[in-house]
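Student: Kindly return the folded structure for what I paste below:
(chains A and B)
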Number of protein chains: 2
Amino acid sequence: MRAEIVSVGDELLKGERVNTNAASIAKALSGIGIPVHRVVDCSDVEGEIAAALSEALERSEVVLVTGGLGPTKDDRTRQAVQELLHKGLERSEEAHRALVERMKQYGREISASLAEQAMVIEGALAIPNTRGTAAGMIIRCGERYHDHYLVLMPGVPSEMKAMMELTVLPYFAQFSSTFIRHTSIKTLGIGESTLEEMIVDIEEALPEGTTLAYLPHAAGVNLMVSTIGHEREGVDTLNRRVVDAIMERSGRFIYAIGEKNLEETIGTLLTSAGLRVAVAESCTGGLVASRLTDVAGSSAYFLQGFVVYSNQAKESALGVPKELIDEFGAVSEEVACAMAIGCLQKSGADLAVSTTGIAGPSGGSDAKPVGTVCLAIAQKVAGEEPTVHSRRLIMQGDRQLNKLRFSEAALRELWYALRPETL
Amino acid sequence: MRAEIVSVGDELLKGERVNTNAASIAKALSGIGIPVHRVVDCSDVEGEIAAALSEALERSEVVLVTGGLGPTKDDRTRQAVQELLHKGLERSEEAHRALVERMKQYGREISASLAEQAMVIEGALAIPNTRGTAAGMIIRCGERYHDHYLVLMPGVPSEMKAMMELTVLPYFAQFSSTFIRHTSIKTLGIGESTLEEMIVDIEEALPEGTTLAYLPHAAGVNLMVSTIGHEREGVDTLNRRVVDAIMERSGRFIYAIGEKNLEETIGTLLTSAGLRVAVAESCTGGLVASRLTDVAGSSAYFLQGFVVYSNQAKESALGVPKELIDEFGAVSEEVACAMAIGCLQKSGADLAVSTTGIAGPSGGSDAKPVGTVCLAIAQKVAGEEPTVHSRRLIMQGDRQLNKLRFSEAALRELWYALRPETL
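Tutor: Numbers count the residues shown, from 1 in each chain, chains lettered A, B, ... in the order given. You can find the predicted model right below:
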């Protein structure tokens, strides 16, 4: 079974919104062994929607559509499907009931325009919307379209996701006869070409049905090993074999296998070492703390963050000596070290990381251009003074990209300090 | 001139990466009056790329392609285009020179596999890559494809963006005879249906060539007013007239017109009022501070952030009384108020916002379910005790969505405290 995604919405074609729905649906389908072969974004215009759906239904057994089901005039997906399949609308009693219940919770009556949200294409299976008002549908398209399936869902990500999980995935899992296993291998501190040279023979000898992709990102390269086949166990074994071979070859650059991100890897390492962390941030403005606390259960090891944007705050919150700032400047390895040490002491943590830099667009100089960041890591040592070391880096990006890369660098330093092997 | 975007990469079809490139290209083209009619994501397989490009070139005068130009084996776009147009490759001397220069900076020689990054389709105009190694190209496709244009760019967003800005936009701006004006109207605190009821007559009387779209998001609804026409001034005037009518009707819910986001609106209001802000965060873990400091120049009004995850940190950093936490719990309006007041006093700011809540997935109870957040705003009053008020809200989402919504709610409270009109 091949799938295809059609995302409806002028806002996508105008670049006013990024299509996160397609990625989320593709990932979910992949998990039940249904590969996605195309994603198409088309406009809100009925004729365009109908054309995109018609082409997609010719090519693929199941076409999943997001957007255009809302209550306003620019929502035209229902009409486009009516036109395409020559079908009328009927009220889904189940969806109508859910809508009435939902409004009752808010102490409201159901209006005429809202009631239309429970109308589905004749003969369709209604998909309950547990997060909003528009009903989704699974439609069997008849002979004209080879009995292929059309799935309509709202464009609001939380509504779409709940529908996928509760109804769409269980429905289509029964048809899947292929299995796909994707494994992400996430690396840091190595470039794409160097990594490829390191594993070129593994890549050249990939087993049938397995592919290897390089996904460079801001701070490194991720690899994706994908295996497709008709038998779950064989697929898993083949995939695992390639992953193991790559790990053996380049393990010291790998910070995670699978879904785990760097924040989670750090959380796991902190937990197993029984260490607690605190952060002191200037240029990253809270982003490092926010990323560390994105991890469920991070309250067990994350104690405190200091966002010390002004020099005054660096002095009062962390005890950074004014003289140090005057002598070396707020953006200096010296100040970064003092921030990390102050953070360690004020918070009582075992490990602290600090950032001070120039995210831009202004504030740079020849000696310290925009993109400069100084990072320090301080660690408690039983019965002795804490240790501290620092690093200075220069990034190229706009303000937000610099903040992101600075935070990535800070997390990388934490990872280096925590990981079992050394480079 | 109609444009279409083809994004190449298995990672998009597997949902391993969100296609941000398409949105960024669409927005840029829109700005020079070239509308995008389709976006297609296709796999790395040569045949699939060629098929997608062939269909797109039939439909649209210019097809912009991202991805598949890198140095590794899964990069197949060049080959697909060679096959499609029956053309060979030639070395772009300019791109080669740039590559040699670039490597010299890093003290490296140019390897054979790297040198291939300077190879372009015969007769193509090479697009310099100022951020990476793969050259882009603008290709005139010949009679078979109605002399339509094919633009190849790398998938790495920073490289693609630089190419768009420096080469592609100036190149195609000369062909554009239509003008498009999009204006975003960003609202908070009003639902989609209510907003539509409020402006239904404006929507029904939209001038020819103008459309209105509703874009609901986590904390409100944005409107997009789009006008298309053949004369820049007329387009701007029509667009502005609709925007003004909507502003007059629903102005008190509008926090920004155009590109501005809530963080920037708050920054502008703080600057013009001459006020300085600080934040005290528990459940948002630094996200509020990070969002406020995403704004260029925020160091002028953002003083300091306290990420007080542990109760100990709430006490030591902000002076929240232990008894208060014991009596009401860390997640309570009482503690939120104490955090905001403590934050005001420790930082010397004029305005402080605090967050304490349960982002989940664990830590909830019947009385305080996951998704509960307490927010407080404290304000300095000359010669008197500071004022403080609080609010308790319940959100529905996973941990990260809750964090985002909590931070959105905190920014909204700041906006309410700062905006000139009152509801």
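Student: residue contacts, A:Glu11?
Tutor: A:17, B:213, B:215, B:224 (C-beta atoms under 8 Å, 6 or more residues apart in numbering or on different chains). For the C-beta atoms, the positions are set from N, CA and C on the backbone; glycine is no exception.
Student: now with 6 Å?
Tutor: By C-beta atoms under 6 Å, 6 or more residues apart in numbering or on different chains, A:Glu11 lies in contact with A:17, B:213, B:215.
Student: Could you do A:Ile202 as well?
Tutor: A:Ala245.
Student: hang on, it in a strand?
Tutor: No: read with DSSP: H, G, I helix; E, B strand; the rest coil, A:Ile202 is helix and lies in no strand.
Student: Tell me how far it lies from A:Thr210.
Tutor: Distance from A:Ile202 to A:Thr210, counting by C-beta to C-beta, to the nearest Å: 10 Å.
Student: do the same with A:Ser113
Tutor: Distance of A:Ser113 to A:Thr210, computed by C-beta to C-beta: 51 Å.
Student: A:Glu55 now?
Tutor: In terms of C-beta to C-beta, A:Glu55 sits 30 Å off from A:Thr210.
Student: Turn the contacts of A:Glu11 into a markdown table, including neighbour count, distance to A:Tyr145 and secondary structure.
Tutor: Shown next, in a markdown table, are these (neighbours: other C-beta atoms under 10 Å in any protein chain shown; distance: C-beta to C-beta, whole Å; DSSP: H, G, I helix; E, B strand; the rest coil):
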| residue | neighbour count | distance to A:Tyr145 | secondary structure |
| --- | --- | --- | --- |
| A:Arg17 | 23 | 29 | coil |
| B:Ala213 | 22 | 29 | strand |
| B:Leu215 | 22 | 31 | strand |
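Student: which stretches of the stretch 151-300 of chain A form helices?
Tutor: A:157-163, A:169-173, A:192-204, A:232-250, A:262-273, A:287-292 (DSSP state H, counting those that start in this stretch).
Student: and the ones you listed, which is most packed in?
Tutor: helix A:287-292 (a mean of 30; mean count of other C-beta atoms under 10 Å in any protein chain shown).
Student: and it, anywhere near chain B?
Tutor: Yes: residues of helix A:287-292 are located near chain B by C-beta under 6 Å from any C-beta of the partner chain, namely A:287, A:289-290.
Student: re earlier: pipe the helices of the stretch 151-300 of chain A into CSV and attach distance to A:Leu89 and mean pLDDT per row.
Tutor: Output for those, formatted as CSV (distance: least, C-beta to C-beta, whole Å; pLDDT from 0 to 100):
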stretch, distance to A:Leu89, mean pLDDT
helix A:157-163, 19, 92
helix A:169-173, 21, 89
helix A:192-204, 51, 91
helix A:232-250, 40, 93
helix A:262-273, 46, 95
helix A:287-292, 45, 98
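Student: JSON lines for these, including distance to A:Leu99?
Tutor: Listed next are those as JSON lines, based on distance: least, C-beta to C-beta, whole Å:
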{"stretch": "helix A:157-163", "distance to A:Leu99": "13"}
{"stretch": "helix A:169-173", "distance to A:Leu99": "22"}
{"stretch": "helix A:192-204", "distance to A:Leu99": "51"}
{"stretch": "helix A:232-250", "distance to A:Leu99": "40"}
{"stretch": "helix A:262-273", "distance to A:Leu99": "39"}
{"stretch": "helix A:287-292", "distance to A:Leu99": "37"}
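Student: returning to that earlier point: looking only at neighbour counts, state which of A:Ser113 and A:Thr210 leads.
Tutor: Legend: neighbour count by other C-beta atoms under 10 Å in any protein chain shown for A:Ser113 and A:Thr210, higher for A:Thr210 (18 against 12).
Student: residues touching that one, list them.
Tutor: When contacts are counted by C-beta under 6 Å, 6+ apart, A:Thr210 touches A:227, A:238, A:242.
Student: Wait, the second one touches A:Ser226, no?
Tutor: No: A:Leu238 is not in contact with A:Ser226 according to C-beta atoms under 6 Å; the separation is 10.5 Å.
Student: Domain boundaries for chain A, per the record?
Tutor: A:3-173, A:179-257, A:262-418 (automatic domain parsing).
Student: first to last residue in the first one, what's the distance?
Tutor: Taking C-alpha to C-alpha, to the nearest Å, domain A:3-173 runs 12 Å from one end to the other.
Student: Point out where the stretch 1-150 of chain A drops to low pLDDT.
Tutor: A:106 (pLDDT under 70).
Student: Where do the helices of it begin and end?
Tutor: A:10-13, A:20-31, A:46-59, A:77-85, A:93-105, A:112-115.
Student: tell me which residues of the fifth one are tucked away?
Tutor: Residues of helix A:93-105 classed as buried under the neighbour-count rule (16 or more other C-beta atoms under 10 Å in any protein chain shown) are A:95-96, A:98-99, A:102.
Student: can you tell me if that helix touches chain B.
Tutor: No: on the criterion C-beta under 6 Å from any C-beta, helix A:93-105 is out of touch with chain B, staying 11.0 Å away.
Student: distance between that helix and the chain's centre?
Tutor: Distance of helix A:93-105 from its chain centroid, counting by C-alpha atoms, centre = their mean, to the nearest Å, is 33 Å.
Student: Other residues contacting it?
Tutor: A:110, A:118, A:126, A:128, A:135.
Student: Let's see if you can find the most crowded of those residues.
Tutor: Neighbour counts for those, by other C-beta under 10 Å, peak at A:Ala135, which reaches 27 neighbours.
Student: Touching, it and A:Ala126? I think so.
Tutor: Yes: counting by C-beta under 6 Å, A:Ala126 is a contact partner of A:Ala135 at 4.9 Å.
Student: Next one: A:Ala417 from A:Gln379, what distance?
Tutor: For A:Ala417 relative to A:Gln379 (C-beta to C-beta), the value is 7 Å.
Student: same check, this time on A:Leu195
Tutor: Taking C-beta to C-beta, one finds A:Leu195 at 30 Å from A:Gln379.
Student: And A:Ala378, its phi and psi?
Tutor: phi -110, psi 140 (degrees, to the nearest 10).
Student: give me the number of residues near it?
Tutor: 29.
Student: Excluding chain neighbours, what is closest to A:Leu188?
Tutor: The shortest distance from A:Leu188 to any non-neighbouring residue, by C-beta to C-beta, 6 or more residues apart in numbering or on different chains, is to A:Gly220 (4.2 Å).
Student: My read is that that neighbour contacts A:Lys186, right?
Tutor: No: counting by C-beta under 6 Å, A:Gly220 does not reach A:Lys186; the two are 7.4 Å apart.
Student: wait, what's in contact with the closest residue to A:Ile257 other than its chain neighbours?
Tutor: Spatial nearest neighbour of A:Ile257, chain neighbours left out: A:Ile185 (5.9 Å); criterion: C-beta to C-beta, 6+ apart. Shown in contact with A:Ile185 (C-beta under 6 Å, 6+ apart): A:223, A:246, A:254, A:257.
Student: any chance of the residues you listed in CSV, plus distance to B:Asp398?
Tutor: Output for those, formatted as CSV (distance: C-beta to C-beta, whole Å):
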residue, distance to B:Asp398
A:Leu223, 27
A:Ile246, 31
A:Ile254, 27
A:Ile257, 22
